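Enquirer: When you get a sec, could you give me coordinates for this:
(one chain, ligands or ions: 1)
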Amino acid sequence: MTTVAFIGLGNMGAPMAANLLKNGFGVRVFDLVPATVSTLAAQGAEPCSSAIVAAQDAAIVISMLPEGRHAKALYLGDEKGAGLITQIHRDSLLIDCSTIDADSARAIAAAADARGMAFVDAPVSGGTAGAIAATLTFICGGSESAVARAKPVLQAMGRNIFHAGPAGSGQIAKICNNMLLGVLMAGTCEALSLGIDNGLDPAVLSDIIKASSGGNWTLEKYNPCPGVMAGVPASNDYKGGFMVDLMVKDLGLATQAALSTRSAMPMGALARNLFVHHAKQGHGHEDFSSLFCQYRPKSN
Ligand code: NAD
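Expert: Sure thing, here's the model as predicted:
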């Protein structure tokens, strides 16, 4: 049985680790929040007291953490201690599924390479529903051989596995996707609100646009208007899903990438400003589809 150390058991990591258990992997888990470790332990995972304890003797390490600084601290170390790269067996395959800046991913890949270890940046798309259903899209950066080694374990958690290019490429492709997602969500909220203001039923309008040229993923899978679609955060008071703070982070990563290459990004910059404003009004921990409340406050 292949043993996987899974570090970071939040909205995404917990269901991903659960799918590894269902597919017969041995799973050793660690998160800073003990309750999430206990939940996975109840499903058959081995609870561990630290990331290093979890990763010791694991054939594969997978991390699903919020930001680049968390991933760098895990693999490269920080003032609190050494990172995994110098502490565990060099045969271990390292896979970071967090969405982080490409420079951090490249720094981790270089440190791993210097020790003869394989590292893959493999951010995901598909949201919490995809994490639960094991239908995620993995967007990998790294060497051909490292990505080939990662495929079997990624297939237990997802459906599509892309190799975008060398180290860091997975992160670049992912932030391009999320920049577009932020723009599409803002535009969709705006269009639905315009229709409601002008007397339309948002469910009817959604069906019309889905079958027309404005159709997009947010309308198909993630309608932001409460009550239109069952099982999405909008119909659960915007709880769970993909936090506004994480969308702000990803639009910031896209901005960083655009600045470094002097790329024009006017729509992404506008979307970033909308989500930052929304977060500053106290919505940072809600799902990103709650941007709809900027157009139609909850009391209306
Ligand atoms: P989350 O905040 O729900 O989970 C992150 C987890 O990491 C938390 O449980 C936290 O306690 C843990 N953690 C933080 N630092 C740690 C450390 N040093 N050691 C161990 N555990 C630590 O976030 P999430 O929604 O699961 O997202 C994780 C990553 O996936 C982010 O980079 C996000 O941008 C990306 N992502 C999220 C979604 C989504 O729909 N939620 C979709 C695609 C990608």
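Enquirer: which residue sits closest to the closest residue to the ligand within the stretch 201-300 of the chain, ignoring its sequence neighbours?
Expert: Nearest residue of the stretch 201-300 of the chain to the ligand, counting by Cβ to the nearest ligand atom: residue 242, 3.3 Å away. Yep, even glycine has a C-beta here, placed from its N, CA and C like the rest. In this structure, residue 242 finds its nearest non-sequential neighbour in residue 288, 5.2 Å apart by Cβ to Cβ, 6 or more residues apart in numbering.
Enquirer: Can you give me the neighbour number for that neighbour?
Expert: Neighbourhood size, residue 288 [other Cβ atoms under 10 Å]: 30.
Enquirer: Sketch out the helices for the stretch 101-250 of the chain, chain order is fine.
Expert: Remark: helices assigned in the stretch 101-250 of the chain by DSSP state H, counting those that start in this stretch are 102-114, 127-133, 144-155, 169-197, 202-210, 217-221, 244-261.
Enquirer: Would you mind saying which of those lies nearest residue 293?
Expert: Smallest distance to residue 293 across these (Cβ to Cβ): 8.7 Å, for helix 169-197.
Enquirer: Going by neighbour count, list what's buried in that closest one.
Expert: Residues 169-175, 177-186, 188-189, 191-193, 195-196 are the ones in helix 169-197 that count as buried (16 or more other Cβ atoms under 10 Å).
Enquirer: what's the angle between that helix and helix 244-261?
Expert: 120 degrees (axes from the mean of the first three to the mean of the last three Cα atoms, to 10 degrees).
Enquirer: coming back round to it: residue contacts, the residue nearest to residue 242?
Expert: Taking Cβ atoms under 8 Å, 6 or more residues apart in numbering, we find residue 288 in contact with 182, 185, 241, 242, 243, 244, 246, 247, 275.
Enquirer: how many neighbours does the residue nearest to residue 168 when sequence neighbours are not counted have?
Expert: Among residues not flanking residue 168 along the chain, residue 102 sits closest, at 3.8 Å (Cβ to Cβ, 6+ apart). Close neighbours of residue 102, defined as other Cβ under 10 Å, add up to 23.
Enquirer: From residue 216, how far off is residue 102?
Expert: Note on residue 102: its distance to residue 216, by Cβ to Cβ, to the nearest Å, is 26 Å.
Enquirer: And for residue 146?
Expert: 33 Å.
Enquirer: These two: which has the busier surroundings?
Expert: residue 146 (23 against 18).
Enquirer: Pull up the per-residue confidence for the residue nearest to that one when sequence neighbours are not counted.
Expert: Excluding the flanking residues, the one nearest residue 146 by Cβ to Cβ, 6+ apart is residue 118, at 3.9 Å. Looking at residue 118, its pLDDT is 98.
Enquirer: what is residue 118 paired to in the beta sheet?
Expert: residue 93 (DSSP bridges).
Enquirer: who touches it in this structure?
Expert: 93, 94, 112, 142, 143, 145, 146, 149.
Enquirer: I'd say the fifth one and residue 163 touch.
Expert: No: with contact taken as Cβ atoms under 8 Å, residue 143 and residue 163 are classed as non-touching, separated by 9.5 Å.
Enquirer: In terms of neighbours, single out the busier of these two.
Expert: Between residue 143 and residue 163, counted using other Cβ under 10 Å, the more crowded position is residue 163 (21 against 16).
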